[in-house]
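Engineer: Could you work out the structure for the sequence below:
(chains A and B)
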Amino acid sequence: MSETVAGGAAVAGERVGPGGVAASPAPEEAAARPADPRPKNNRAWFLVLPVVVSVAFTAVIPLMTVVNFSVQDIFSPSDRIFVGLEWFRSVTRDPEVRSAFVRTLLFSAQVLLIEIPLGVALALAMPKRGLGVPAALVVMALPLLIPWNVVGTIWQIFARGDIGLGGWLINNVLGINFNYTLDRADAWITVLVMDVWHWTPLVALLAYAGLRSIPGPYFQAAQIDGASAWATFRHIQLPRLRGVLTIAILLRFMDSFMIFTEPFVVTGGGPGNATSFLSILLSKIAVGQFDLGPAGAFSLLYFLIVQIACYVFFTVLTRAGR
Amino acid sequence: MKRRPRAGGPARAVRHERAAAGRVRLPWARTVFWLYAATLMLPLLWMFGMSIRPNEDILGGFSLIPERVTFENYRTFFEDQAWYSSYLNSIAYTTLNTVLSLVVALPAAYAFSRFRFAGDKHLFFWLLTNRMAPPAVFLLPFFQIYQAVGLFDTHLGVAIAHMLFNVPLAVWILEGFMSGIPREIDETAAIDGYSLPRFFIRIFLPLIRSALGVTAFFCFMFSWVELLIARTITSVNAKPIAATMTRTVSAAGVDWGLLATAGVLTMIPGAVVIWFVRNYIAKGFALGRV
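Structural biologist: Here you go, the predicted model:
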């Protein structure tokens, strides 16, 4: 996948900046891919139309409704006042929102720093042939296939000191007093470990598919040069993984920054506000208090932050290593 | 980290050619990987253990091996219509969503990989941004729209709603694969008199078979595990299994055994799907351009 997605990312990259060329150690590829060989043809719009229509139906109309919420003070469906940007101002000044923002950012950073290297390392270590391959793939995919509220439930039990294996091991075998319902740090660690457990396989599967697409001659060349395992990884495998890692980093960033169901089930945002991420705070305002105005403004800002961050990641990653 | 020995001669080099493909030899790595995989399975095994124990044993205290084994929870699951019908609902809308997402995303991915057109850059990123909408507030208009157009509580409704995040992902992955297929193939087919739809179905689709497998897996997975949207726009007829699971919380406390049973069963369809696409993932996604 690395090969092809790197190509895809390069094509996408050309949309971001001019004159993109796939960052690849093979010079003949660079030569075979001039700035943008695709013919210009506006009739291609007909091919994209179904996507635009389907996504517009599911995305644009709700978005407009949320914009509508965000600029009004709604007392009842028939009684509402236009308040302009008032909600945006109050949301950005709210200390609770600010601390949740910092917390969410910290969580996403930790998730990326742990899951991306760990996923790549696992992909490198996974079996390459024989019966081990399907076994490893199925084992790695299992956590991904569990509905998110069930993931939360599994960990809610598993991490409990009295009846869960994980909590029991930490308390009784390691002798550390661990209780995620009372201790802030324990709650944070539980949510973080749960996320690593749940999502590292996604990174590993993508990276594995990417690694498997690297042609054999690259390794023979490295071998003849007497390259160490590290050098082979750094100069052959890693550059070829850029495409899949772009997908992995973006997906992991978006989903960890908007994580809701799992911590909501396990800790409910507590103890105190230790694991109260932006999404949990947002649903408290929107569903709990039914303050649609502030919740609408909050959602839009949230949406905007994720978009900007993703745009930065996307641009940096598609240009890196050119 | 060991250095690989240099090839001893031409014959050995040939033998190495296949052996070396796609790997750097780290002898302990495989062991560490299986250790990790075993750790990964621990919470799942624990859940399975819970599903075959009576509730009083689960809450009664910690025990590594279940003392009493019962399949009562599994019987309840398959005899209670609310449980098994919501299981079938989830399978129905997930499958429908996977098919719809692929059908819609294929021409779009082809267009992105083959042509430049007005606004293509913006459109590509805009598609991705739809994965990023925080659900809490967006759910309310969802509820209103699906009721207004009569898709509320239908399998098709959930399938369409899940296209919100699956179509962009499908376009993204497919576009990557398609860009790896040389354009010369399209041109040759055109010279041979193939129309675009016929070329697409007869020649192009078989070429990107593995892409279809991988994309289908990801669409299936993300639709299967999503709960918030699916729960909001359904009530009975298309209620997802994950929503039925919240039923186990009652005044009498949580029915942990039944919850764990449902949890175990929710892993099966996805495991079947990954079994079918395993070769596509294992072979790597390389096509053309190498």
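Engineer: Could I get the full set of helices for the stretch 151-300 of chain A?
Structural biologist: A:165-168, A:184-212, A:216-224, A:229-232, A:238-240, A:242-257, A:261-266, A:278-283, A:292-319 (DSSP state H, counting those that start in this stretch).
Engineer: Please dump the ones you listed into TSV; it should also carry mean neighbour count for every row.
Structural biologist: C-beta: built from backbone N, CA, C; applies to glycine. Below are those laid out as TSV (neighbours: other CB atoms under 10 Å in any protein chain shown):
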stretch	mean neighbour count
helix A:165-168	20
helix A:184-212	23
helix A:216-224	17
helix A:229-232	16
helix A:238-240	19
helix A:242-257	23
helix A:261-266	22
helix A:278-283	24
helix A:292-319	20
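Engineer: how about the ones you listed, which one is nearest residue A:96?
Structural biologist: helix A:278-283 (6.5 Å; CB to CB).
Engineer: roughly how far is that closest one from the heart of the chain?
Structural biologist: How far helix A:278-283 lies from its chain's middle: 17 Å, per CA atoms, centre = their mean, to the nearest Å.
Engineer: now stretch A:289-307
Structural biologist: The answer for stretch A:289-307 is 20 Å, by CA atoms, centre = their mean.
Engineer: who's in contact with that stretch?
Structural biologist: Stretch A:289-307 is contacted from outside by A:66-74, A:83, A:87-88, A:90-92, A:97, A:253-254, A:257-258, A:278-279, A:282, A:285-286, B:129, B:132-134, B:136-138, B:140, using CB atoms under 8 Å, 6 or more residues apart in numbering or on different chains.
Engineer: go with 7 Å
Structural biologist: A:66-67, A:69-70, A:72-74, A:83, A:87-88, A:90-91, A:97, A:254, A:257-258, A:278, A:282, A:285-286, B:129, B:132-134, B:136-138 (CB atoms under 7 Å, 6 or more residues apart in numbering or on different chains).
Engineer: Let me have the helices of the stretch 151-300 of chain A in TSV, adding mean pLDDT as columns.
Structural biologist: TSV is the format used below for the helices of the stretch 151-300 of chain A (pLDDT from 0 to 100):
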stretch	mean pLDDT
helix A:165-168	84
helix A:184-212	89
helix A:216-224	82
helix A:229-232	84
helix A:238-240	82
helix A:242-257	86
helix A:261-266	86
helix A:278-283	85
helix A:292-319	85
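Engineer: circling back to that earlier point, among the contacts of stretch A:289-307, which are in strands?
Structural biologist: A:72, A:73, A:74 (DSSP state E).
Engineer: now, which of those sits nearest residue A:317?
Structural biologist: Using CB to CB, these come closest to residue A:317 at residue A:72, 38.7 Å.
Engineer: Out of the helices of the stretch 151-300 of chain A, flag the one nearest residue B:120.
Structural biologist: helix A:292-319 (15.0 Å).
Engineer: What is the distance between the closest one and the centre of its chain?
Structural biologist: Distance of helix A:292-319 from the chain centroid (CA atoms, centre = their mean) equals 13 Å.
Engineer: Then stretch B:258-267?
Structural biologist: In terms of CA atoms, centre = their mean, the centre of stretch B:258-267 is found 18 Å from the chain centre.
Engineer: what does that stretch contact?
Structural biologist: Residues contacting stretch B:258-267 (CB under 7 Å, 6+ apart): A:142, A:145-147, A:150, A:153-154, B:47-48, B:50-51, B:73-74, B:76-77, B:83, B:87, B:241, B:245, B:248.
Engineer: Tell me where the model's unsure across chain B.
Structural biologist: Scanning chain B for pLDDT under 70 picks out the ranges B:1-26, B:248-253, B:281-290.
Engineer: buried stuff in the top helix by length along it?
Structural biologist: If you go by DSSP state H, chain B has its longest helix at helix B:81-114. The neighbour-count check on helix B:81-114 (16 or more other CB atoms under 10 Å in any protein chain shown) flags B:83, B:85-87, B:89-98, B:100-102, B:104-114 as buried.
Engineer: Please, where are all the strands along chain B?
Structural biologist: B:249-250, B:253-254.
Engineer: One more: the stretch 1-150 of chain A?
Structural biologist: Assigned by DSSP state E, counting those that start in this stretch, the strands in the stretch 1-150 of chain A fall at A:72-76, A:79-82.
Engineer: so can I have TSV of these showing mean neighbour count?
Structural biologist: Output for the strands of the stretch 1-150 of chain A, formatted as TSV (neighbours: other CB under 10 Å):
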stretch	mean neighbour count
strand A:72-76	13
strand A:79-82	11
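Engineer: Chain B: which of these is closest?
Structural biologist: strand A:72-76 (11.2 Å; CB to the nearest CB).
Engineer: elements contacting that closest one?
Structural biologist: Applying 3 or more CB pairs under 7 Å, 6 or more residues apart in numbering or on different chains; DSSP states H and E, one finds that strand A:72-76 contacts strand A:79-82, helix A:292-319.
Engineer: Within reach of chain A, which of the buried residues of helix B:81-114 are there?
Structural biologist: Among the buried residues of helix B:81-114, proximity to chain A is found for B:104, B:105, B:107, B:108, B:110, B:111, B:113, B:114 (CB under 7 Å from any CB of the partner chain).
Engineer: Residue A:148 against residue A:259, yeah?
Structural biologist: No: look at residue A:148 against residue A:259 with CB atoms under 7 Å: they stay out of range, at 9.1 Å.
Engineer: Helices of the stretch 51-200 of chain B, residue ranges please.
Structural biologist: Using DSSP H, counting those that start in this stretch, helices in the stretch 51-200 of chain B cover B:55-60, B:72-79, B:81-114, B:120-129, B:135-148, B:155-179, B:183-191, B:196-199.
Engineer: Turn these into JSON lines, columns for distance to residue A:159.
Structural biologist: What follows is those, written out as JSON lines (distance: least, CB to CB, whole Å):
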{"stretch": "helix B:55-60", "distance to residue A:159": "15"}
{"stretch": "helix B:72-79", "distance to residue A:159": "22"}
{"stretch": "helix B:81-114", "distance to residue A:159": "26"}
{"stretch": "helix B:120-129", "distance to residue A:159": "34"}
{"stretch": "helix B:135-148", "distance to residue A:159": "25"}
{"stretch": "helix B:155-179", "distance to residue A:159": "29"}
{"stretch": "helix B:183-191", "distance to residue A:159": "53"}
{"stretch": "helix B:196-199", "distance to residue A:159": "54"}
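Engineer: Spit out the contact partners of the closest residue to residue B:218 other than its chain neighbours.
Structural biologist: Spatial nearest neighbour of residue B:218, excluding adjacent residues (CB to CB, 6 or more residues apart in numbering or on different chains): residue B:169 at 6.0 Å. Residue B:169 is in contact with B:131, B:218, B:222, counting by CB under 7 Å, 6+ apart.
Engineer: Let me know the distance separating residue B:238 from chain A.
Structural biologist: 15 Å (CB to the nearest CB, to the nearest Å).
Engineer: Please tell me how far the most centrally placed residue in chain A sits from residue A:259.
Structural biologist: Closest residue to the average C-alpha location of chain A: residue A:252 at 1.6 Å, with CA atoms, centre = their mean. Counting by CB to CB, to the nearest Å, the gap from residue A:252 to residue A:259 is 10 Å.
Engineer: Over to residue A:269?
Structural biologist: From residue A:269 over to residue A:259 (counting by CB to CB), the distance is 11 Å.
Engineer: Among the two, which residue is more densely surrounded?
Structural biologist: Neighbours were counted for residue A:269 and for residue A:259 using other CB atoms under 10 Å in any protein chain shown; residue A:259 has more, 25 against 20.
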